[in-house]
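Novice: below are the sequence and a predicted model; questions follow.
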Amino acid sequence: MPELPEVEVTRRGFAAGIRGGRILHARVDPGLRWPLGLAADRLVGTTVGGVDRRGKYLILELDRGLLLIHLGMSGSLSFRPVQPPPGVHDHMDLVTDRGQLRLHDPRRFGAVVWAPGLESPRAQKLLSKLGVEPLSDAFDVRSFHAALKSHHAAIKPVLLSGRVVVGLGNIYASEVLFRAGIRPTVRADRLSLARVERLHAAIRTVLSHAIERGGSTLRDFCGSTGEAGHFLLDAAVYGRAGLPCPVCGTPIKHIRQGQRSSYFCPSCQRF
DNA sequence: CTATGGACCTGAATGC
DNA sequence: TGCATTCAGGTCCATA
């Protein structure tokens, strides 16, 4: 599920509600991607501050250290006054006096990691190689263009890697390239400044639009985490192999790049 | 350093 | 119907 928009919408859904909450009980299953890094009991008695996001990581500030939460492929968070008894795939419960935060993640590619601070090795190991935040001022056309120059692989896997710019997953990488009229197979370093400009604009537009849509759909986040896939309602190319391009009607093509599916319109995205 | 392929894990969809 | 295969919105790690 979670690319940047989903993670951001999730963050907005519970950040205000959990702020100031004192942790009364904490449970984290072993068997997520990485171990928590301390006994869950040690979290009891600490207070939750702000909830930030870096790429697809959520960062819960505690008065002692922080929790990095990643949703992996199938993770979702819900925040409610009281949670029902945990099911098999509910791998984390953070019970506070302001509500209960639960991680549901069938595939267990997600993670909950405690670190003493943002600069600690534990946190830096996960965060240090991340590219720029696409919706921040630091994401500008010139430095984006410059950064792409050092990548000789196809643009689609480069976007997906998160090394240049974070937040684009397999769906939005295809969507953004469609909007920019760029073929997913073009080498990143071969893109002209003009094309990088279009790509830059497409990334901002698509991601912020998706957040707005999700925000309105998930107004009642307190109750649930929303329907998987509802962000896809306006996908132009993703998952639409053989179907007509919404702009020109040409059948959408499906290819594989580094074991991942890519979709594009062979007419609108000529090179 | 960059680029590639395998690994992790479950469940839904597809094929015989 | 039953069983095997393929695919899925992520990303770290080993290898070239």
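Specialist: Alright, I've got the coordinates. Residues are numbered from 1 along each chain as shown, chains lettered A, B, ... in the order given.

Novice: from now on I want contacts and neighbour counts done on CA atoms only, so please keep to that.
Specialist: Will do.

Novice: checking my notes, A:Arg179 in a helix, right?
Specialist: Yes. Counting by DSSP: H, G, I helix; E, B strand; the rest coil, A:Arg179 is part of a helix.

Novice: wait, what's in contact with it?
Specialist: A:Leu199, A:Ala202 (CA atoms under 8 Å, 6 or more residues apart in numbering).

Novice: try 7 Å
Specialist: A:Ala202 (CA atoms under 7 Å, 6 or more residues apart in numbering).

Novice: what separates it from A:Lys253, distance-wise?
Specialist: 15 Å (CA to CA, to the nearest Å).

Novice: A:Cys245 contacts A:Tyr263, doesn't it?
Specialist: No. Between A:Cys245 and A:Tyr263 there is no contact under CA atoms under 7 Å: 10.6 Å.

Novice: what is in contact with those two at once?
Specialist: In contact with both A:Cys245 and A:Tyr263: A:Ile252, using CA under 7 Å, 6+ apart.

Novice: more neighbours: which of these two?
Specialist: Neighbours around A:Cys245 and A:Tyr263, counted as other CA atoms under 10 Å, are more numerous at A:Tyr263. The numbers are 26 against 21.

Novice: nearest residue to that one in space, please, no chain neighbours.
Specialist: Excluding the flanking residues, the one nearest A:Tyr263 by CA to CA, 6 or more residues apart in numbering is A:His254, at 4.7 Å.

Novice: A:Lys156 now?
Specialist: The nearest residue in space to A:Lys156 (CA to CA, 6+ apart) is A:Pro184, at 4.8 Å.

Novice: looking at the stretch 101-250 of chain A, which residue is nearest DNA strand B?
Specialist: Relative to DNA strand B, the nearest point of the stretch 101-250 of chain A is A:His152 (3.1 Å; CA to the nearest atom of the strand).

Novice: mind pulling up the pLDDT for that residue?
Specialist: Looking at A:His152, its pLDDT reads 95.
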